[in-house]
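> The amino acid sequence is not available; the structure is as follows:
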Ligand SMILES: Nc1ncnc2c1ncn2[C@@H]1O[C@H](COP(=O)(O)OP(=O)(O)O)[C@@H](O)[C@H]1O
Ligand SMILES: [Mg+2]
């Protein structure tokens, strides 16, 4: 079956033990699109990303990243995507540059300092004096920036972002939004899990609400200007929130 | 090998280079190995020069004895000293227990051949701080300390997910970690290895023994590094890895090697010195008592002797009859002592065999035996010396007895018969050359290398399922 979407999830079901977290999830993100996935704590957002990363083997349904099934060919799928985890973990004993360089080396990606690493660190707004500092002393936001820089430096067709703005201050969030817009304009498919409604409204082309293990509602951005109705979204979001 | 594997391995080294505690601990261990080597080389040389000095003075004293009855010289007795093998500094083995000096005397086989006497050593008791001790007991702890969190920390901190999301699979990741820590293990062994190579290169010891020691210890250290990484990859938390590994160390390195000889001693009891003496005395009595005029054995001996020389009375013998009786008595008692010693050695071998049969469980037993054998300080090396000493003692005593037979008048010898002091110079002298170290095919070498190799192989096989799980279970 030919599929256009870079991210294509169909009828995905997944259980942890007895607990069914995903119950027939359908989700497609095209190249050059930003999809914001919203949902309460424990709704299954990170689990969805794990399925795309090939970290879990779904019970049923199909998952494809650029036409590759991550459950059967995780290495091939991972070569197509970059991932910013929910709680960013880096090596404390390495500097920002060294962290990025190490992960790029493992991804067998280009990692020239002058043309790849430094521009990426610059783009995410990490101050130059921090590039050669060990990340052990970094704030959550600074770590987040390093992880985002790494994801951008991979230059892959798919970005999976798990609450990428959670540690960032508002101005850094705005900068981040501009960054991923640039990536989208280059044709990258971006799936962003977030609790940050403002940010979602700012950049997303579509917003999906994950609840009860499936996309309960999906909103498409309107014409430029009033892309989404923030108030309606807020009411929808707080109302749709599952407990826990 | 893939670039990712070597990169992950190199990253472990960079992490160690930036881990101050780990670096300091590693340097301390290296210093300890070198200090142990220096101290024990010094001690070995001190013992060797003491030995040379004592042996010279003992020989001199013997030469200086005036004209005497040869039998008094039999009882004069003498010390013999065991020269140490060149590598004895590396591993003192049982030397501290057996000592390296024995006293030889007529009629009785040297007492060191009987177990209880192995407690004492006249010259020196060796201390414990040798390179072998450090490598066997402390190096595994350091390797545990450096590797217990190697994989579990990545899991705990979340870097594992990021790592795997770059397209590194569990196998490459684990292999990189294993190679990284294997390198660290070899680096930790390096000071000792360089020392051994240096000594071999300078002609101080045989290349073969040095290289086999390096091979054995490299295997031993690699085994701990691999075990630590695999445990770290198998558990969820670093704390659990540490508990498991320290537990394995306590049982395998501390407990089993100390408990097993106790168990062996209970299973196979060695006769005490007193028991042995009593039994020997009884056996001797049973064969014959030369002081008893009605003793059937010695009456028969007398008859045979008289027949041999074609005379009717002891007084008519052309040789000294008491000397002949002495020689016969020495022959009998030596034979009995030899048999008793063989029995004891057999029991000891049984005990050792029991302990060694657990080496598959505690490879420390394998490296320990290998190390002692190659350093020339195991029971086998000691036994070789005892055999040589006992053969010498017999020749020595019988040579003096022969002088009595030939030179002391059979009758009318006067109050205090003596022979000239020049005779003492013709008595055999003890000369012992340390046997060459065992080669690869020696039963103390190859099976122990096989145990270490088997462990390494088992760990490699274990790594496969661990790697598969690692690649999947990235929460
Ligand atoms: N590895 C796991 N084993 C068992 N339960 C899990 C596991 N990962 C997540 N869960 C549970 O599944 C549910 C969904 O988790 P997750 O996808 O992380 O939610 P979120 O939408 O907050 O990212 C939660 O209730 C969580 O406790
Ligand atoms: Mg989550």
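Arrived safely. Remember, predicted model here, so these are calculated numbers, not experimental data. Ligands and ions are numbered 1, 2, ... in the order given.
> Could you report the separation of the residue nearest the centre of chain B from residue B:359?
The C-alpha lying nearest the average C-alpha coordinate of chain B belongs to residue B:378 (C-alpha atoms, centre = their mean; 1.5 Å). Going from residue B:378 to residue B:359 by C-beta to C-beta, to the nearest Å gives 14 Å. For every residue, glycine as well, the C-beta is placed using N, CA and C.
> So for those two, which residues contact both of them?
residue B:369 (C-beta atoms under 8 Å, 6 or more residues apart in numbering or on different chains).
> neighbours around residue B:363, how many?
Using other C-beta atoms under 10 Å in any protein chain shown, residue B:363 has 23 neighbouring residues.
> Correction: the previous question concerned residue B:231.
24.
> swap in residue B:183?
Other residues near residue B:183 come to 17 when the count uses other C-beta under 10 Å.
> ditto for residue B:302
By other C-beta under 10 Å, the residues close to residue B:302 number 18.
> Sticking with it, tell me its helix or strand.
Element membership for residue B:302 (DSSP states H and E) is helix B:296-309.
> Show the average pLDDT along the helix or strand just after that helix.
The element immediately downstream of helix B:296-309 (helix or strand, assigned by DSSP H and E) is helix B:321-356. For helix B:321-356, mean pLDDT is 86.
> so after helix B:321-356, what's the next helix or strand?
Using DSSP H and E, the next helix or strand after helix B:321-356 towards the C-terminus is helix B:363-375.
> And the helices in the stretch 1-150 of chain B, which stretches?
B:3-17, B:20-63, B:70-76, B:95-98, B:131-133, B:139-147 (DSSP state H, counting those that start in this stretch).
> Chain A: strands as residue ranges?
Ranges of strands within chain A are A:7-16, A:19-29, A:34-39, A:60-65, A:81-84, A:158-162, A:189-193, A:206-211, A:214-220, based on DSSP state E.
> quick one: low-confidence ranges for chain B?
Within chain B, the segments meeting pLDDT under 70 span B:1, B:106-128, B:412-413, B:473-475.
> now chain A
Applying pLDDT under 70 to chain A picks out residues A:1-3, A:223-226, A:240-244.
> Quick check: closest non-adjacent residue to whichever residue of it sits closest to chain B.
Evaluated by C-beta to the nearest C-beta, chain A has residue A:89 as its residue closest to chain B, separated by 3.3 Å. Leaving aside its sequence neighbours, residue A:89 sits nearest to residue B:158 (C-beta to C-beta, 6 or more residues apart in numbering or on different chains; 3.3 Å).
> how is chain A carved up into domains?
A:1-80+A:158-244, A:86-156 (automatic domain parsing).
> Centre of the chain to the shortest one, how far?
Distance of domain A:86-156 from the chain centroid (C-alpha atoms, centre = their mean, to the nearest Å) equals 16 Å.
> Quick check: residue B:75 touching residue B:105?
Yes. Between residue B:75 and residue B:105 there is a contact under C-beta atoms under 8 Å: 6.6 Å.
> Pick out whichever of those two has more residues nearby.
residue B:105 (17 against 12).
> The helix or strand hosting residue B:280 packs against which elements?
Using DSSP H and E, residue B:280 sits within helix B:273-287. Under the contact criterion of 3 or more C-beta pairs under 8 Å, 6 or more residues apart in numbering or on different chains; DSSP states H and E, helix B:273-287 touches helix B:321-356.
> repeat that for 10 Å
Here helix B:273-287 touches helix B:296-309, helix B:321-356, going by 3 or more C-beta pairs under 10 Å, 6 or more residues apart in numbering or on different chains; DSSP states H and E.
> Most tightly packed of those?
Most buried of the helices and strands packed on helix B:273-287, by mean neighbour count (mean count of other C-beta atoms under 10 Å in any protein chain shown): helix B:321-356, with a mean of 18.
> re earlier: how about a markdown table for the strands of chain A, with mean neighbour count and distance to ligand 1 added?
Formatted as a markdown table, those follow (neighbours: other C-beta atoms under 10 Å in any protein chain shown; distance: least, C-beta to the nearest ligand atom, whole Å):
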| stretch | mean neighbour count | distance to ligand 1 |
| --- | --- | --- |
| strand A:7-16 | 19 | 3 |
| strand A:19-29 | 19 | 4 |
| strand A:34-39 | 26 | 5 |
| strand A:60-65 | 20 | 14 |
| strand A:81-84 | 26 | 14 |
| strand A:158-162 | 24 | 7 |
| strand A:189-193 | 26 | 7 |
| strand A:206-211 | 22 | 7 |
| strand A:214-220 | 15 | 13 |
